[in-house]
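Asker: Fold the following.
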Amino acid sequence: MATYHHPGVYVEEVSLLPPSVAEVETAIPAFIGYTQKTTYNGQSLINKPVRIKSLKEYEQIFGDTDNVSFNTTGTAGGIKINKDANGVYSLDAALADPSATIKFRMYYCLQLYFANGGGPCYIASAGATSGGAVSDVELGAAMDAVQKEDEPTVLIYTDAIALTDIDKYYGLYTAKAMAQAALLKDRVVLVDLYNTDVATFRTKIGNNNLSYAAAYYPNLRTTIPYKVDEASINIIAGTNVGASEVPANAVLRLPEGTVNVSKSIYHNNGELYNYIKQQIGALSVTLPPASAIAGVYATVDSTRGVWKAPANVSLNMVIEPAVKITDADQDDLNVTGTGKSINAIRTFTGKGVLVWGARTLAGNDNEWRYISVRRFFNMVEESVKKATEPFVFEPNDGTTWSKIRGMIANFLTLQWRAGALQGAKPEDAFFVHVGLGETMTALDILEGRLIVEVGMAVVRPAEFIILRFSHKLVQS
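Answerer: Down below sits the predicted model:
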C-alpha cells in the first residue's frame, strides 16, 4: 500500500484485467546430426543448439553438405562411357545411386523441411561431417543438449540412420529422445524406421513412452539434387571412345580460371558433357520422412491449428514413396496387435503423395492414439504451466484460486471457439477445478500445494468414414 506524507494528488494504477494464458509455439523442431561447420565467430557449435529461421541462415552458420561422387555400377573410381557404331554415347552400366552411401543428411533434410512449410527450428551439431563417422555417443550428447532448450517441440535425428548397429540406433530414440519427451512433456519424437524394416522396428522400439512418438513409412524419393563437385567426377573411356573425347585422367569439369583444362570433358566435348550431366541429374536424394513431416506439422499448425490431424496433406519436393503401399499393406501398419501404429505415406492418382496416417506409436490407446491429441495436450499443458508460474508463493486462498480458474477457463474457451474442443457449450468441452474440498485438502494447503484439475474433450480425426447404402422399397 502506498504511503502519503505530503498534501497533493497521487496517481495509482489499478490492475482490473484478469491474467491470461499465452499459447506457446507448437512446431519448433530440433534437428540432431552432423554439420559441415562446427565453429561460428570463433565459438564451437558442437552440442550447442542454435535457432535458425531459414535455409540461408543455416548455410551461413553451418555450411551446406559434402560433395557426392558418382560411379557406374561395377566400375571403380568413375563413370565409364561407351559409344556405339552410330556415335551415340551411353553409360557402360547404370549409375550407382549414392543415397545408400550417404552418411550425413542434415542439409538435405532441412531442404525438405523448409519446402514443406517449415519455419524456425533448432540445429544441434554432434560434430563435423569431415570426421567421416556417425557415433551414437555424439548424437546422444547433442540430444542431451537439446533437453536444456525450452522451445523445441519436435525431435528429429537426421544422421542416426547411418549407424551400422541397429540396437544403438533405436537406443538413441528410446533412451534419449522418447525419454526426454516424456520427462519434459512438451515435445514429441518423429522416428524413422531403420532400413524400413517394420517388424524389427516394432520389436526394437520397446513399449515405453509410445504416446510421445510417431513413425512414418516409407522413405521418400525427393526432387532434391545431390551436391556435386564436377572436378572430382572421373570419366573413364570405354568401348569406341578415343582419347580426344575422354583423355587420360579426365574429369567432368574443372573450375573456371584453371590454366590447364585439357582433361575437362566440359571443354573437350560439349555433347558428352551434357549427356553425363543429364544422367547425373536423373538421380535425386532419397530421405527418411521425418523432416518432411515436421514441415507438415508446421503448415497444419499455422493454417488450421495444432488440434487438426496432420494428415491428408500432400508433400512438396517428393516424387514418390520409395515403397508403394496398398490398402492391404496399410491394414497392418495402421492397426496392429502390438499397438505400434506406423503412419503410411502413399501416392494417390490425381492427388500426389499424401500423408495417410495420424497416429502415435500408442495406436491402441484410446487416450493418446492420435498425434494431434498428444500435441494439443502438450501445448495446453506448457502454456498453462508458464501462465501459472507468477502465482508461485501467492497466497493459497480463494482469490488466487479464482484468478487461476478464470485464466485457464478463458484460454480453453478460446480453444473451444477455434474448434479444438468439442461440445455444444464451453462447460461440455472442458472443466477447470480448483479449491478446498474440490481438489485440495487442508493438509495440501498446509504443505503449500495448490492443485488444479483440467479436463478437455479434444476433437479427434474422422479416421474411418463409413458410408452405408441399401435398397429402398418402392412405396408409391
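
Asker: in the sheet, who's paired with Thr72?
Answerer: Beta-bridge pairing of Thr72 under DSSP bridges involves Leu95.

Asker: give me the number of residues near it?
Answerer: Around Thr72 there are 20 other residues, counting by other CB atoms under 10 Å. To be clear about C-beta, it is placed using only N, CA and C from the backbone, and glycine gets the same treatment.

Asker: and what of Arg375?
Answerer: Counted with other CB under 10 Å, residues neighbouring Arg375 total 26.

Asker: Quick check: buried residues in the helix or strand hosting it?
Answerer: With elements taken from DSSP states H and E, the one containing Arg375 is helix 371-388. For helix 371-388, burial by neighbour count (16 or more other CB atoms under 10 Å) applies to 371-380, 382-384, 387-388.

Asker: what packs against it?
Answerer: strand 188-192, helix 398-418, strand 452-456 (3 or more CB pairs under 8 Å, 6 or more residues apart in numbering; DSSP states H and E).

Asker: Just name the most buried of those.
Answerer: By mean neighbour count, with neighbours taken as mean count of other CB atoms under 10 Å, strand 188-192 ranks first of the helices and strands packed on helix 371-388 at a mean of 24.

Asker: hang on, the earlier thing: who's in contact with the helix holding Arg375?
Answerer: Defining contact as CB atoms under 8 Å, 6 or more residues apart in numbering, one finds that helix 371-388 is touched by 19-24, 26, 153, 185-188, 211-212, 214, 297, 306-310, 358-360, 367-368, 404, 407-408, 411-412, 415, 420, 452, 454, 456, 458, 460-461.

Asker: What are the contacting residues of the worst-scoring helix or strand of the chain on mean pLDDT?
Answerer: Here the helix or strand of the chain ranked lowest by mean pLDDT, DSSP states H and E is helix 265-268, holding a mean of 88. Contacts with helix 265-268, where a contact means CB under 8 Å, 6+ apart, come from 230, 235, 244-247, 250-254, 261-262, 272-273, 276.

Asker: Give me the buried subset of the contacts of helix 371-388.
Answerer: Neighbour counting with 16+ other CB under 10 Å marks 21, 23-24, 26, 153, 186-188, 211-212, 214, 297, 306-310, 358-360, 368, 404, 407-408, 411-412, 415, 420, 452, 454, 456, 458, 461 as buried within those.

Asker: hmm, back to that, in a markdown table, list the helices and strands packed on helix 371-388 along with mean pLDDT and distance to Gly339.
Answerer: Conversion of these to a markdown table gives the following (pLDDT from 0 to 100; distance: least, CB to CB, whole Å):
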| stretch | mean pLDDT | distance to Gly339 |
| --- | --- | --- |
| strand 188-192 | 97 | 15 |
| helix 398-418 | 95 | 28 |
| strand 452-456 | 97 | 23 |
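
Asker: These: which one's closest to Ala100?
Answerer: Checking the helices and strands packed on helix 371-388 against Ala100 by CB to CB gives strand 188-192 as the closest, at 14.9 Å.

Asker: tell me what the helix or strand just after that closest one is packed against?
Answerer: The first helix or strand that comes after strand 188-192 along the chain, using DSSP H and E, is helix 198-204. Packing partners of helix 198-204 (3+ CB pairs under 8 Å, 6+ apart): helix 166-171.

Asker: Remind me what the helix it packs on packs against, helices and strands.
Answerer: Packing partners of helix 166-171 (3+ CB pairs under 8 Å, 6+ apart): helix 136-147, helix 198-204.

Asker: which SS class is Gly127?
Answerer: strand (DSSP: H, G, I helix; E, B strand; the rest coil).

Asker: Around it, how many other residues sit close by?
Answerer: Taking other CB under 10 Å as the criterion, the count of residues near Gly127 is 22.

Asker: Please apply the same query to Ala328.
Answerer: Around Ala328 there are 7 other residues, counting by other CB under 10 Å.

Asker: ok now the host helix or strand of it, how far from the chain's centre?
Answerer: Taking DSSP H and E as the criterion, Ala328 maps to helix 327-334. On the basis of CA atoms, centre = their mean, to the nearest Å, helix 327-334 is displaced by 23 Å from the centre of the chain it belongs to.

Asker: Helix 327-334 and the following helix or strand past it, what's the angle between them?
Answerer: Proceeding C-terminally, helix 327-334 gives way to strand 343-348 as the next helix or strand, assigned by DSSP H and E. Angle between the axes of strand 343-348 and helix 327-334 is 160 degrees (criterion: axes from the mean of the first three to the mean of the last three CA atoms, to 10 degrees).

Asker: Just the buried residues of strand 343-348, please?
Answerer: 343-346.

Asker: Can you tell me how far the closest residue in space to Met440 that isn't next to it in sequence is from Val146?
Answerer: On the basis of CB to CB, 6 or more residues apart in numbering, the spatially nearest residue to Met440 that is not a chain neighbour turns out to be Ile451, at 5.0 Å. Per CB to CB, to the nearest Å, Ile451 is found 31 Å from Val146.

Asker: The two: who's more crowded?
Answerer: Val146 (23 against 14).

Asker: I'd assumed Val50 was in contact with that one.
Answerer: No: taking CB atoms under 8 Å as the contact criterion, Val146 and Val50 are not neighbours in contact, 11.0 Å apart.

Asker: Quickly list what's touching both of these two.
Answerer: 122, 124.

Asker: Can you show me the helices along this structure?
Answerer: When assigned using DSSP state H, the helices of the chain occupy the ranges 55-62, 106-115, 136-147, 166-171, 178-184, 198-204, 265-268, 270-281, 290-303, 327-334, 371-388, 398-418, 426-429, 442-446.

Asker: For Gly87, find the nearest of those.
Answerer: The closest approach between Gly87 and any of the helices of the chain, judged by CB to CB, belongs to helix 270-281 at 9.4 Å.

Asker: Centre of the chain to that closest one, how far?
Answerer: Helix 270-281 sits 35 Å away from the centroid of its parent chain (CA atoms, centre = their mean).

Asker: what do you get for stretch 245-263?
Answerer: Per CA atoms, centre = their mean, the displacement of stretch 245-263 from the mean C-alpha position of its chain is 42 Å.

Asker: tell me the centre residue of the chain?
Answerer: Residue closest to the mean C-alpha point of the chain, counted by CA atoms, centre = their mean, is Ala294 at 3.1 Å.

Asker: Pull the contacting residues for the residue lying closest to that one once chain neighbours are set aside.
Answerer: For Ala294, ignoring the flanking residues on the chain, the nearest one in space by CB to CB, 6+ apart is Pro29 at 4.3 Å. Taking CB under 8 Å, 6+ apart as the criterion, Pro29 is in contact with 113, 118, 121-122, 152-156, 190, 294, 297-298.

Asker: how is this protein carved up into domains?
Answerer: Under the assignment named as automatic domain parsing, the residue ranges that make up the domains of the chain are 29-62+104-223+288-356, 79-97+227-281, 393-476.

Asker: Buried deepest among those, which one?
Answerer: Mean neighbour count, computed with mean count of other CB under 10 Å, is highest for domain 29-62+104-223+288-356 among the domains of the chain, reaching a mean of 20.

Asker: end to end, how far does it reach?
Answerer: Taking CA to CA, to the nearest Å as the measure, domain 29-62+104-223+288-356 stretches 21 Å from start to finish.
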